[in-house]
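# Would you be able to build a 3D model of this:
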Amino acid sequence: MRSSAAAAAALAVDVMVRAPKVHAPSLTVAELRVALADDHVHMLLLVDEGRLVGTAERGDVPPDADGSEPVLPFARTPGRTVAPDAPVDDVRTAMLARGARRLAVVDGAGRLLGLLCLKRHLDGFCSDADVAARAADRHRCP
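Below you'll find the predicted structure:
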């Protein structure tokens, strides 16, 4: 178990989901709408050859947008990324202040490293194990 001093010194890279689901830059508005129908999905990551080229959230796409349109022109990255060496306590405070639940973790070249996923109760970050467990639950037969 980590000490409180070690927890306070945690960085984004320490708590990020390391293999988030990513989408091609060619993702359509219709595909975005389907993905966002899952209430666990807050942000879609648009990635081209490992580089984050955009993020898309609810509200980014106008309701009257045609489903066949690409999402990329509506996507953005400013305010939705964080450096891997950002202190987790500072990041969580900033996310809470903005009402954000997800931030992409990117390096200086814009390469996607992972995703910070603030838990539903806002008391910590989802782990790779949390994501895997949720996926396993979805695939179980009733």
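# what about stretch 52-71, how long is it end to end?
Chord length of stretch 52-71, first to last residue, is 14 Å (C-alpha to C-alpha, to the nearest Å).
# buried residues in stretch 102-115?
Under the neighbour-count criterion of 16 or more other C-beta atoms under 10 Å, stretch 102-115 has 102, 103, 104, 105, 106, 112, 113, 114, 115 buried. Bear in mind the C-beta positions are built from the backbone N, C-alpha and C, glycine included.
# pretty sure the last one belongs to a strand, no?
Yes - under the criterion used here (DSSP: H, G, I helix; E, B strand; the rest coil), residue 115 sits inside a strand.
# Wait, it touches residue 19, no?
No - using C-beta atoms under 8 Å, residue 115 is not in contact with residue 19, being 9.0 Å away.
# where does the chain have low pLDDT?
1-8, 130-142 (pLDDT under 70).
# picking up where we left off before, which of the buried residues of stretch 102-115 lies closest to residue 9?
residue 105 (16.9 Å; C-beta to C-beta).
# contacting residues around the closest one?
By C-beta atoms under 8 Å, 6 or more residues apart in numbering, the contact list for residue 105 reads 12, 13, 16, 81, 82, 83, 84, 112, 113, 114, 115, 116.
# measure residue 17 to residue 54 for me?
18 Å (C-beta to C-beta, to the nearest Å).
# how close does residue 27 get to residue 117?
Where residue 117 is concerned, residue 27 sits at a distance of 19 Å (C-beta to C-beta).
# In contact with residue 14, which residues?
residue 88.
# whoops, residue 55 was the one
Residues counted as contacts of residue 55 (C-beta under 8 Å, 6+ apart) are 43, 44, 45, 46, 75, 76, 77, 80, 81, 104.
# which non-adjacent residue is nearest it?
residue 80 (4.6 Å; C-beta to C-beta, 6 or more residues apart in numbering).
# I'd like to know how many residues surround the one you found.
By other C-beta atoms under 10 Å, 20 other residues sit near residue 80.
# Please list all residues in contact with it.
By C-beta under 8 Å, 6+ apart, the contact set of residue 80 is 43, 55, 57, 100, 102, 103, 104.
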